[in-house]
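> pasted the sequence and its predicted model underneath.
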Amino acid sequence: MKSIHERNPIMARTHYDLPSLTALAVFEATARHASLKAAAPELNVTSGAISRQVKALEAELGVSLFLRTGRGVTLTAAGEELYATLAAGFSRISDVSRSLKRGDKSRNVTIASTDTTASMWLVPRMPAFWQRHPDIIIDHQLAENSVSFRPEVLDLRIRHGHGSWLNDKAEPLFDEWLYPVCSPDFAARHAGATMNDLPELRLLDIDWVAPDWVTWEAALQQAGAKAFPRHARRFGKFSLAVQAATAGQGVVLGWHRMIRPLLEKGELVRLTELMFPAPGSYWLTWSKDRKLSPAAIELRDWIHEQAAEEQAHALPSGLG
């Protein structure tokens, strides 16, 4: 197998005072994969060659870019800054290249969100968008954990948090509330249950999927409950836990904006007086360094229309 220098003779561009472009490309691929081993097939070189390029780049910049772990590598603060800039730059170059090749006729938009947000909020509304813009193709990136996203190919992203993300422009969509819900039959069997009765009921919990995910233990602790659940049925996705709740298998901690249609249909009902605001709101974000295409702007504006309608819906009695 050829060395990186043999395959890619491009060296540092003195005009821009840049490090080796080859080393920068190697670093970007390694950061994206979070692994030297995983980046090697993409670059068609050995892990050792990648390691030498990264070390040379770190020596030239005078900072450490990666922390080596048993499972791969993680970015340092300096590495995060460099990767964000490279990913945005490479993405912009890719956009321009595709635009030139296609004569700027591309109408594809890539949007990222969690599986929960996509399946329970965005996708059910998409037919209305396609009726208005039948020529725009939407590519969805779905992941509960944001680490799984590929920021270099994203146009837009719906995310939950406080609205401050490095290198991203963020526009608010709507707020969120949490409260226990279950099937009507389950609620009838436990009529009169209060917040302090919840630990004794069959609770449906979700395994860790994101830093701001609220578990039953955290919710009850925040509410000042006197006891906490010892045995909860756990699911890997919120949507699966909601399906179990509609089937009468227990009580799930509902995110209002996601389950509102099920409440309106009567498939789920609130249980107990427990309710509290989520630790953040929903936002629409995109890279500050990436100019949105006309198609992405159409999708952005349409999402804001849907969010305004969502925000206008009255919350259940006792909320807001």
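Perfect, I can see it now. Numbering: from 1, shown residues only.
> residues in contact with the closest residue to residue 67 other than its chain neighbours?
Among residues not flanking residue 67 along the chain, residue 74 sits closest, at 4.9 Å (C-beta to C-beta, 6 or more residues apart in numbering). The C-beta positions use only the backbone N, C-alpha and C, and glycine is treated the same way. Contacts for residue 74 (C-beta atoms under 8 Å, 6 or more residues apart in numbering) come out as 34, 66-67.
> and residue 74, that's in a strand?
Yes. Judged by DSSP: H, G, I helix; E, B strand; the rest coil, residue 74 forms part of a strand.
> check what pLDDT it gets.
For residue 74, the model assigns a pLDDT of 88.
> so it versus residue 159, what's the distance?
21 Å (C-beta to C-beta, to the nearest Å).
> ok, now residue 36?
29 Å.
> with residue 27 instead?
Distance from residue 27 to residue 159, by C-beta to C-beta: 26 Å.
> and residue 108, by the same measure?
From residue 108 to residue 159 the distance is 21 Å (C-beta to C-beta).
> mind checking which of those two has more residues around it?
residue 159 (23 against 14; other C-beta atoms under 10 Å).
> low-scoring stretches of this structure, by residue?
The chain contains residues with pLDDT under 70 at 1-15, 95-96, 98-106, 144-152, 208-212, 314, 316-320.
> in it, which spans are strands?
66-69, 72-75, 108-113, 137-142, 156-161, 168-174, 177-182, 203-206, 232-235, 251-255, 269-270, 276-277, 281-287 (DSSP state E).
> export the ones you listed as a markdown table, with columns for distance to residue 311.
Listed next are those as a markdown table, based on distance: least, C-beta to C-beta, whole Å:
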| stretch | distance to residue 311 |
| --- | --- |
| strand 66-69 | 41 |
| strand 72-75 | 36 |
| strand 108-113 | 18 |
| strand 137-142 | 22 |
| strand 156-161 | 14 |
| strand 168-174 | 4 |
| strand 177-182 | 12 |
| strand 203-206 | 25 |
| strand 232-235 | 28 |
| strand 251-255 | 15 |
| strand 269-270 | 20 |
| strand 276-277 | 14 |
| strand 281-287 | 10 |
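> most tightly surrounded among these?
strand 251-255 (a mean of 26; mean count of other C-beta atoms under 10 Å).
> okay, the residue nearest to residue 310 when sequence neighbours are not counted and residue 132: tell me how far apart.
Beyond its immediate neighbours in the sequence, the residue positioned closest to residue 310 (C-beta to C-beta, 6+ apart) is residue 174, lying 5.0 Å away. If you measure residue 174 against residue 132 using C-beta to C-beta, the figure is 21 Å.
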